[in-house]
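J.: coordinates for the following, if possible.
(chains A and B)
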Amino acid sequence: MNYLKTKTLAFGNFFTTANYKVILSMFIMGFGQLIYKQVVKGLIFFAIQAGLIVFFVFRGAADIAGFFTLGTAAGNPAQGIHGDNSILMLTMGLFAIILLMMYLFAYVTNIKDVYLTQLRVEKGSPPLKFKEEAKEYIDKKFYKTILFLPILFVSVFSIIPIVFMILLAFTNFTGDTFPALADWTGFASFRELFGQGGLAPIFFRVLLWNIIWAIITTAINYFGGLGLALLYNKKCVKGKVIWRLFPMLAFAVPGFITLIAFRFLFSDAGPILWPINQERLLDPYSYPISFLGIDATWSARIIGILVAAWLSIPSSMLLATGILSNMNKELYEAAKIDGATGFRQFTKITLPFVIFATTPVIIMQFIGNFNNFGIFFFLRHGTFSMIGDVPYSDTDLLVNWIFRLTVDARRYDLGAAVSLLMFIATSAIALFIYLRSPAYRKEDTFR
Amino acid sequence: MQSQNQNIQKRLPLKIILVIFLVLVHLGTLIGIIAVIGANSHTILGPGREIFTGELERGARIRILENDTAILQGFLDEVIEAFNAEFASYDIMAVDANQDNFIDLEQAGPFGFGPCVIFQANDRLMRFADGGHIFPLPIERLDAYEYISNEAWNAFFGFVDEIIVDDNGYPVIGEDGQPLRQEIPATLGVPVMIQGPVIYYRRSLVPEGTLDTWGNIYQFNRERNAMGGATRGYIRSLIDPYFNMGYLFSFGGYIFGENNTDPSTVGLSQNNAYRGVGVIRQLASSMDSRVTTHELTPLLYDLLAQGTVAATMTTPDVYTLFIDAFMRNGFTREEAIAELGVAPMPFLPECGDLTNPNPNLIPTIMMGGVNGYAISAWTDYPNAAFAFVNFATSFRLMERRHELLGIVPSREDVAEHVGGMSQIINEKLASGEILVMPGIREMAQVWNPVQSFFASVSQDAFRSFPRYANPSGQLAALVTLDSAITRAIAAIS
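T.: Below you'll find the model as predicted:
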């Protein structure tokens, strides 16, 4: 703590005490370190600055300029004339900006480093050698070493695609790639979504169903799993291992195979409806029943909810079984002595404990269900109506609708805009639930 | 102490100014580099090149994308082997591109992993032409040129947007700073096979004359349904736009105006097209609710072979898949060939009512297509690729393709030579009873609304409160469909 305080105070005096070596490092990275005879470190910083300048001269500058224009000249591959590729320019521009930000971080680190060396020397200690500093990174600062790669990977494979998707929402990209050019269109996609005569009615209809779906499936999956776990924990149940194995089998089969099987099961040609409809076909006064057909709404939705339960309850059950094995049996003994009924024991002892331990899992399940693409993609793929100029189905979740908007209707801009809204909504809901949960508010309760 | 503090206070603003100065220098340098290099680097267009010089690229490795059936039946291997032997002296080698049959060249080409020669339907290939992803071809240099009908060539004919270049091949830049462009007529693909729906049927199950009219088929279906169980007469999914838009065309509907070249006019509701909606409803009612989805389509080969279904409709290029299905179900090849019948489209009643016992009959105009080869603009070996196309469209190989796959060859001399359905389909293309799928980009916005519409119409036969039972409902639905397509086109243009 003292060290931090000293460090803060030291930086407060930076402007008054920085010497010429620090100033030199501000012009040319690593120069001050070189004067302090920290050769390796100095060269690394210098290489970073030189590398950035070389990168910018040869392509970085063009990439950033391209990021703003998204291309100005359409070429013609058939004539061998290369033009601009908007999406490539957007991607490369984004990379260049990220590199620039990383450079700025390295630049500030460089100045901080040389200034700390100056302070150290002024106190009479010699500048740290490269080996000594490197040693620190596998000792005191090991957390930085170990976190470097994960942070880099998260940035490259998670943050960049999200930023790319967000940026796409502000263009008019329709899937027509090179040599067609895209442009920045500001909030046009959002205006089309929510403006007069826009897609807002469909968006809100899908959103409402999406929220209902996420709440119902999360609740059924969670309490279904917990119920099964409690049941299998009962002493009176014989052959627990075998009973636990059954839900595990459902969990073990790949999800999409289960979904295809369910689609067949409930389809018009499936074993449930086929015999019924065969009879009805010969009767001129009756009509065939369809669970998943174009006119089906709630029958398809209910089937979707049941299929989601089939797929998810086993994992919830496993989780709950693990948590229940950690329960303090004495609590129940005490509750029994106090005359608490089984239901009261469940609501006052079991449930708070399990919910406390599994809130993050519930949030994950909620978000997973909110974004559950597979269920209705496999159950009702190809079944949709057209509302306006976009395809839509009663069972579409937002993620399914985005798929239709992009792949079927080629409206990548609208798809990106809806994705952005979804991202904001799920993040907000997850944060809200977490902050209201006992796991956050009563962190110390079960310690 | 006081003087030291004064000194510090004097130095402080100086150093702050210095830091601000340094930050500005850095930012200024970067912005300067961006301004100088960035502003110019993306607008300079290089020179174009002469493509089909006739000079074969030695050492070329050309990737061939063929259709799945041709690969499965071994036709591609045969062609590649023969081509490689023929061009071994040039060290040119063709290989299977080993990619998805429906690969999107727009997406794959610019990133270098598309095929050199691509075999797809005309509507898909012509979409690639729009962005310059396939080359305009010097078709008159092909050996097959004069043997392919104008109707088949027309499927690949279009106007391509070209950049005007100067004598050195550099683009001529206009006053707005953009390269000047011109539209030039070009042919962008080489027809190989004609696609048009045909009826496949079991000779022993379908009485003579049944397949002459859709009215007869309707009655036949009723009789087969009455046998109970899963037995059906003619059956096929009614939601596939490719196979069902013909019911609208036959009564005067069309997709785009100006012979399917003007997307500003959508005319599926025009003339008496609503009668086609009625036909679809009646046909659906004579089959079963499986026709409202795609789930029946992959089963049809075996259902026909098993005799559960007596007739169905699909394209000529899957003939061998039916034969395979018959053989899976206990037939010998000879028995399968003898039992499997192929018939042209039945006639429709002019009134659109399949229950009318004595109607005036009109031909069924169906949507068709021409599948062919195009050469990717992203290949490094256009001349070797052109040589491959020329080789694969020779009489010998077209005949072999027909023999192995049962396709309808686009070469009239081959069609005449093999006769039968090949000749009939070629004649139907020439007479306009097969309408070639529009090859313009906007066609991509047609499939979804039309499929959705057909799903609803075919489902209507099974609704207790039907929506399209009378002409006014049918016409209103078609008008809505037209406007949905128009809006979908406007949204991406």
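
J.: CA atoms for contacts and neighbours, from now on please.
T.: Fine.

J.: I figured B:Gly215 was touching B:Pro349, is that so?
T.: Yes. Using C-alpha atoms under 8 Å, B:Gly215 is in contact with B:Pro349, at 7.3 Å.

J.: which neighbours do the two have in common?
T.: With contacts taken as C-alpha atoms under 8 Å, 6 or more residues apart in numbering or on different chains, B:Gly215 and B:Pro349 have B:Asn356 as neighbours in common.

J.: more crowded one of the two?
T.: For B:Gly215 versus B:Pro349, neighbours defined as other C-alpha atoms under 10 Å in any protein chain shown are more numerous around B:Gly215 (27 against 24).

J.: host element of that one?
T.: Using DSSP states H and E, B:Gly215 maps to helix B:214-226.

J.: does anything pack onto that helix? Which helices or strands?
T.: If you count contacts as 3 or more C-alpha pairs under 8 Å, 6 or more residues apart in numbering or on different chains; DSSP states H and E, helix B:214-226 packs onto strand B:232-234, strand B:348-349.

J.: 10 Å instead, please
T.: Other helices and strands packing on helix B:214-226, by 3 or more C-alpha pairs under 10 Å, 6 or more residues apart in numbering or on different chains; DSSP states H and E, are helix A:273-281, strand B:232-234, helix B:274-285, strand B:309-314, strand B:348-349.

J.: quick one: mean pLDDT for the longest one?
T.: Taken as a whole, helix B:274-285 has a mean pLDDT of 96.

J.: and it with chain A, contact?
T.: Yes. Using C-alpha under 10 Å from any C-alpha of the partner chain, helix B:274-285 reaches chain A at B:Ser285.

J.: next secondary structure element downstream of that helix?
T.: helix B:300-306.

J.: average model confidence for that following helix?
T.: Confidence over helix B:300-306 (mean pLDDT, whole number) is 96.

J.: then it to PDB, C-alphas only?
T.: In PDB, the C-alpha atoms belonging to helix B:300-306 read as follows (Å, rounded to 0.1, in the frame of the first residue of the first chain):
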ATOM      1  CA  LEU B 300     -39.500 -39.700 -52.800                       C
ATOM      2  CA  TYR B 301     -36.900 -41.900 -54.500                       C
ATOM      3  CA  ASP B 302     -37.600 -44.800 -52.200                       C
ATOM      4  CA  LEU B 303     -41.300 -44.200 -51.900                       C
ATOM      5  CA  LEU B 304     -41.600 -44.500 -55.700                       C
ATOM      6  CA  ALA B 305     -39.400 -47.500 -55.800                       C
ATOM      7  CA  GLN B 306     -41.500 -49.200 -53.100                       C
END
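
J.: against which helices or strands is it packed?
T.: Right, helix B:300-306 is packed against strand B:198-202, strand B:232-234, strand B:309-314, helix B:319-328 by 3+ C-alpha pairs under 10 Å, 6+ apart.

J.: would you pull up the residue in chain A closest to chain B?
T.: A:Ala62 (3.5 Å; C-alpha to the nearest C-alpha).

J.: for that residue, I want the exact helix or strand it lies within.
T.: Following DSSP H and E, one finds A:Ala62 within helix A:61-69.

J.: wait, which of the helices and strands packed on helix B:214-226 is closest to B:Asp262?
T.: Nearest to B:Asp262, of all these, is helix B:274-285, at 21.9 Å by C-alpha to C-alpha.

J.: which residues sit in contact with the residue of the stretch 151-300 of chain B found nearest chain A?
T.: Nearest to chain A, among the residues of the stretch 151-300 of chain B, is B:Arg290, at 6.0 Å (C-alpha to the nearest C-alpha). Going by C-alpha atoms under 10 Å, 6 or more residues apart in numbering or on different chains, B:Arg290 touches A:267-269, A:274, A:288, A:290, A:293, B:235-238, B:284, B:296-297, B:458-459.

J.: what comes up buried for the longest strand along chain B?
T.: Counting by DSSP state E, the longest strand found in chain B is strand B:366-375. By 16 or more other C-alpha atoms under 10 Å in any protein chain shown, the buried positions in strand B:366-375 come out as B:Met366, B:Met367, B:Gly368, B:Gly369, B:Val370, B:Asn371, B:Gly372, B:Tyr373, B:Ala374, B:Ile375.

J.: wait, doesn't the first one sit right on B:Leu348?
T.: No. At 11.6 Å, B:Met366 and B:Leu348 do not qualify as touching, with contact defined as C-alpha atoms under 10 Å.

J.: quick check: neighbours shared by these two?
T.: Common neighbours of B:Met366 and B:Leu348 (C-alpha under 10 Å, 6+ apart) are B:Tyr247, B:Ser250.

J.: any residues of the stretch 251-400 of chain B in contact with chain A? List them.
T.: Residues of the stretch 251-400 of chain B lying near chain A by C-alpha under 10 Å from any C-alpha: B:285-296, B:375-379.

J.: can you do 8 Å?
T.: B:Asp288, B:Ser289, B:Arg290, B:Thr292, B:Thr293, B:Glu295, B:Ala377, B:Trp378 (C-alpha under 8 Å from any C-alpha of the partner chain).
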